[in-house]
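> Structure for this input, please:
(2 chains)
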Amino acid sequence: MTATTRNAQPASLDAVYPVGEKQPEQVRTPTGRPLADLTLANVLAGDVTAADFGITAEGLRRQADIAEQSGRPHLAQNLRRGAEMVAIPEEIVLEIYEQLRPGRTHSAAELRATAERVRSLYGAEATAQLIEEAATAYERRGVFGRRV
Amino acid sequence: MPDPQAPHWARYDLWDERQLSHDRFAVDDPANGFCAADSPADPRPSLVIEHGRIVELDGVPEADFDLIDEFIAHHYFDLSVAAEAMAIDSREFARRLVDVNWPRPALVRLSAGMTPAKLAEVVGHLSTLELSFANSKLRSRRQPSNQAHVTNAKDDPVQMAADAATAALYGFDEIETTVRVARNGRTNAIACAVGAVVARDGVLIQCSLEEAEELRIALAGFTSYTETMSVYGTEGAFLDGDDTPWSKAFLTAAYASRGLKARCTSGSSSELLMGFHEGKSMLYLEARCVCLQRAMGVQGTQNGGIDGAPLTSSVARGGWALLAENVLAALADLECASGNDTRHSESEIRVGAKIMPFLMSGTDFICSGFGSIAKYDNSFNASLFNAEELEDFLALQREFQVEGGLQHVPEATLLAARARAIEAMTAVLEELNLGRLNADQKRSVLVAHGSDETDSFMPAEVARMNAAVTERRLTFVDVVRALAARGFTTEAARLVAMARHRVTGDYLQTAAIIRDGRVVSAVNDPNQYSGPGTGYVMTPERRQAISRMRREVSKDDILAGEGATGQQEARHWRLVGKGDALPGDDPREVVVGIGPGFGVRLHKTTGGVPLYRVLASLIAGIREGGGVPCVVRVHHTADTSFLGLTAARLAKSGVGIGIQGKGTTVIHRADQAPHMNLELFSQAPLITADDYRAIGRNAARYALGQAPTPVLIPYRGQALGARFHVQTALLYAIETGLVDPGRNPEVLEVEFYDRNDAQRAAR
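Numbers count the residues shown, from 1 in each chain, chains lettered A, B, ... in the order given. I've put the predicted structure just below:
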């Protein structure tokens, strides 16, 4: 990581964070509705559903930029990986997590295939890199041994 | 073999009965992992970079990196500062941590260029005091906060809702729950969410469970954060914990992708407990965990021993090491929930002492789980502080004016919120056809300290509810509708507001909490402490709030109490003034000089003996001893010695008794110096009516020239100051307020209406 980690609080952040206060009009729900639609009345009327109350990839990238500007490049990188994973269904997310645990996969090739899948299906480049890095490290350290 | 004939000091038996005797202390043994810091096996700091690539880390060449080294080497370092940071003398850097002229951002920036061994070496130079001070400067959010455990032994959602409301009222910004029975997570989470919004807006909720189930509950909108992603400082422990740095980094991003606030868990002794410590010190292993967490990009950590705290506390320098871990986390720019969530000792003294450095510095969350419920209801095990000790915590905040995140709540407010939480939760259960309670059952929850006292839902019923919640795929929207349908509109709106925060992602930033509906984090409320008057300074309103306690006593309270007693006791006696007192002529005469407030504004001693009975006992005692009593009211002083001396100088015998309205008594003789009395009874709270009688008897015997055995008031070491001094000072102030410096002592005629008192006095 080569980004400088200056941890000042630039005045420019005051204009953008908290996003819900400073630029609510920029926020969209996963179904594309504005934040202002998320009211009790709309919930009771059935106009918005639980599916509307999620964060979007765009929302996460916005928070990643704020983290970067606040001097937190590591957090920013995590939020960018998160942004990539918004589109990945829960079952797949949990399945990949399971694959990354010790002894669940038995070769680097298996993990690399998973990395390639998230890259091609979801465009999740940073996530794919993380998985590929794991594949190499696991191979060198013998983490592919049997657990159960 | 101990010699059975050898003498044995009795004090050891006493010590063996104390709470501390349950604690065990481990001998330092670095090879076996019992070592707080500076183990011989800890590496010397080193960082070698070739062509932008880290080829050696803390003495380990790249080819031998374990998983943790490798992840740190790939993701942790800011290579633009690494050379500079590693070249700084560790003691010099330690000094910067406690130097208010070195701003936090500069230190945080340099820390990203330091290896785990370097960081451990740096904090190793700080004393406990310096660590606490460094923490006040390094913690990320300006405003300290606190987190509560809310669980119960039955997983009863109705009690849980009432207890969540209680916790939210006391001030906790996060509530962490977990289950006794694994499948009960959903109703626990719903109950905490519903209870919290009854009390106020903005409490973040967590349900600690197996990862997949925890994620599903969060996706249903019942919870908003997670903190159970454990990381470890050795590869062996990590793999044994069934994870790797990559699996945990992936999971961290996965939680972010679903809009959940997340922090990791680490803490010294976890590697020792799991048997993979490599002979390294606890502090060094934790430095690795902290670097790893920053490298993963998680916003925060709960560290400082956590489940390992009792073990860390068993070694020398253990308490220091736990604090040092939190300072490492703060220096690494992580939100720090600073442990203090496991009872590390049976000794209440050790518990109180342990929390002080954290209260003094403030931390992002003082406890990563304050047991806000009964100890036995805590499904995580007892915390450092629990419902039983919550008022002790408030007392510490109050007397040192430190921010622990909590405040006193009046009983009426508390019961109203509990009642509403119970109604709201039962409404949700009824609307969703999950269960029903009758009025008596609800009332049992309202007033219960813990689940031993409730007659509510039992685990089997709760398990059935959870099966239904899962099968019907109920989400927070169903709960919102149920609340609204039954008139809990405010609560429904607050649940929606909480869910809206997830859409913005604002609470994904470091150290975020929600206060008054606003996200407050290290971004918009950064800690910029740089000396007195900077950083977190309590507002006057907050100072007042943390200064409130139950059982506070004011002068008005005392006067009102005395007034009521006085009215009641007017039927027992009457004191009638008969003009200025003149020296008497009976050589057997003992004068009792009562203070200006005695029987006027003050009516019982601090020991609770009514003053009419005190006087009757003194008079009876004087007669028993062969003396002749005479009672005078002294107006010109309220001081015991001078009351006694005044009385003695009015008595022909030269012996007098001085007594204040609060019961402090002296036997004096006319020829003595004011503070050189015959017998002084300063521990008024311990003096009984019989003692007063004995005092009267002795006074008479002195008057007759005898040498009686002094009256001994038994004392068993009670903290009389703590128990009585507030009352004593207020009572004495009332009496000194009645002093009339120019007025002569006045002879009194004493009439007792009660036949027994009269007989006692007449005998």
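
> which is the next helix or strand following the host helix or strand of residue B:592?
Using DSSP states H and E, the element containing residue B:592 is strand B:589-594. As assigned by DSSP H and E, the chain's next helix or strand after strand B:589-594 is helix B:611-624.

> Any idea how far that following helix is from the middle of the chain?
46 Å (Cα atoms, centre = their mean, to the nearest Å).

> Stretch B:568-580 now?
Counting by Cα atoms, centre = their mean, stretch B:568-580 is centred 48 Å from the centre of its parent chain.

> Please list the residues outside that stretch that contact it.
Identification of contacts with stretch B:568-580 by Cβ atoms under 8 Å, 6 or more residues apart in numbering or on different chains yields B:599, B:603, B:610-612, B:615-616, B:631, B:633, B:744-754, B:757. For glycine as for every other residue, the C-beta is placed from the backbone atoms N, C-alpha and C.

> And for stretch B:458-478?
Residues outside stretch B:458-478 that contact it (Cβ under 8 Å, 6+ apart) are A:43, A:49-50, A:53, B:154-157, B:180-181, B:183-187, B:190, B:193, B:220-222, B:429, B:432-435, B:457, B:495, B:499.

> Which of those residues fall within helices?
Within the contacts of stretch B:458-478, residues falling in helices by DSSP state H are A:43, B:157, B:185-187, B:190, B:193, B:429, B:495, B:499.

> Widest-spaced pair of those?
For those, the maximum inter-member distance is 23.4 Å, found between A:43 and B:185 (Cβ to Cβ).

> Next, the buried residues of the top helix by length along chain A.
What stands out as the longest helix in chain A, according to DSSP H, is helix A:125-141. Residues A:126-128, A:130-135, A:137-138, A:141 are the ones in helix A:125-141 that count as buried (16 or more other Cβ atoms under 10 Å in any protein chain shown).

> try stretch B:439-448
Neighbour counts over stretch B:439-448 (16+ other Cβ under 10 Å) mark B:441-442, B:444-446, B:448 as buried.

> Dump those to a markdown table, plus secondary structure.
Formatted as a markdown table, those follow (DSSP: H, G, I helix; E, B strand; the rest coil):
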| residue | secondary structure |
| --- | --- |
| B:441 | helix |
| B:442 | helix |
| B:444 | helix |
| B:445 | helix |
| B:446 | helix |
| B:448 | coil |
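
> distance of the residue of chain A positioned farthest from its centre from residue B:482?
Centroid-distance maximum for chain A: residue A:45 at 31.3 Å, with Cα atoms, centre = their mean. Per Cβ to Cβ, to the nearest Å, residue A:45 is found 16 Å from residue B:482.

> ditto for residue B:14
As judged by Cβ to Cβ, residue B:14 and residue B:482 stand 58 Å apart.

> In terms of neighbours, single out the busier of the two.
residue B:482 (22 against 10; other Cβ atoms under 10 Å in any protein chain shown).

> Not counting sequence-adjacent ones, nearest residue to that one?
The shortest distance from residue B:482 to any non-neighbouring residue, by Cβ to Cβ, 6 or more residues apart in numbering or on different chains, is to residue B:431 (3.6 Å).

> Residue B:736 too?
Here the residue nearest residue B:736, using Cβ to Cβ, 6+ apart, is residue B:638, at 4.8 Å.

> How many residues are close by residue B:236?
By other Cβ under 10 Å, 16 other residues sit near residue B:236.

> State the pLDDT value of it.
Residue B:236 is assigned 96 on the pLDDT scale.

> Mind jotting down where the helices sit in the stretch 401-550 of chain B?
B:411-431, B:439-446, B:459-471, B:476-485, B:489-504, B:540-547 (DSSP state H, counting those that start in this stretch).

> Tell me which stretches of the stretch 601-750 of chain B form helices.
Going by DSSP H, counting those that start in this stretch, the stretch 601-750 of chain B shows helices at B:611-624, B:640-650, B:689-703, B:720-736.

> any chance of the ones you listed in TSV, plus mean pLDDT?
Putting the helices of the stretch 601-750 of chain B into TSV (pLDDT from 0 to 100) gives the following:
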stretch	mean pLDDT
helix B:611-624	97
helix B:640-650	97
helix B:689-703	98
helix B:720-736	92
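
> Now do the contacts for residue 21.
Reading this off chain A. So residue A:21 contacts B:518-519 (Cβ under 8 Å, 6+ apart).

> Chain B was what I was after
Counting by Cβ under 8 Å, 6+ apart, residue B:21 touches residue B:15.

> and what of residue B:49?
By Cβ under 8 Å, 6+ apart, the contact list for residue B:49 reads B:55, B:79, B:82-83.

> Tell me the confidence at residue 91?
I'll assume chain A. Looking at residue A:91, its pLDDT is 94.

> I was thinking of chain B, sorry if that wasn't clear
Residue B:91 is given a pLDDT of 98.

> correct me, but it touches residue B:126?
No: look at residue B:91 against residue B:126 with Cβ atoms under 8 Å: they stay out of range, at 9.8 Å.

> So for the two, which sits in the more crowded spot?
Set residue B:91 next to residue B:126 and count neighbours by other Cβ under 10 Å: residue B:126 wins out with 22 against 12.

> secondary structure element for the residue nearest to the spatial centre of chain A?
In chain A, the residue lying closest to the centroid (Cα atoms, centre = their mean) is residue A:82, at 0.3 Å. Using DSSP H and E, residue A:82 falls within helix A:73-85.

> Output the contacting helices and strands for the next helix or strand after that helix.
Remark: after helix A:73-85, the chain's next helix or strand is helix A:90-100, criterion DSSP H and E. Where contact means 3 or more Cβ pairs under 8 Å, 6 or more residues apart in numbering or on different chains; DSSP states H and E, helix A:90-100 is packed against helix A:108-122, helix A:125-141, helix B:211-219, helix B:245-257.

> please redo it, this time with the cut-off set to 6 Å
Applying 3 or more Cβ pairs under 6 Å, 6 or more residues apart in numbering or on different chains; DSSP states H and E, one finds that helix A:90-100 contacts helix B:245-257.

> Could you export the next helix-or-strand element following the helix it packs on as CSV, CA atoms only?
Using DSSP H and E, the helix or strand that follows helix B:245-257 in sequence is strand B:261-265. C-alpha atoms of strand B:261-265 as CSV (Å, rounded to 0.1, in the frame of the first residue of the first chain):
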residue,chain,number,x,y,z
LYS,B,261,-21.0,-1.8,11.0
ALA,B,262,-18.3,-4.3,11.9
ARG,B,263,-15.4,-4.7,14.3
CYS,B,264,-13.1,-7.5,14.9
THR,B,265,-12.3,-9.2,18.2
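
> one step back: turn the helices of the stretch 401-550 of chain B into TSV, including distance to residue A:121.
TSV is the format used below for the helices of the stretch 401-550 of chain B (distance: least, Cβ to Cβ, whole Å):
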stretch	distance to residue A:121
helix B:411-431	39
helix B:439-446	50
helix B:459-471	29
helix B:476-485	30
helix B:489-504	25
helix B:540-547	52
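
> coming back round to it: so what strands line up beside the strand holding residue B:592?
Sheet pairing for strand B:589-594, assigned by DSSP bridges, gives strand B:628-633 (parallel), strand B:655-659 (parallel).

> export it as PDB, just CAs?
This file holds the C-alpha atoms of strand B:589-594, laid out as PDB (Å, rounded to 0.1, in the frame of the first residue of the first chain):
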ATOM      1  CA  GLU B 589     -25.100  17.500  90.900                       C
ATOM      2  CA  VAL B 590     -24.200  16.500  87.300                       C
ATOM      3  CA  VAL B 591     -25.200  19.000  84.700                       C
ATOM      4  CA  VAL B 592     -26.200  17.800  81.200                       C
ATOM      5  CA  GLY B 593     -25.500  20.600  78.700                       C
ATOM      6  CA  ILE B 594     -27.600  20.000  75.500                       C
END
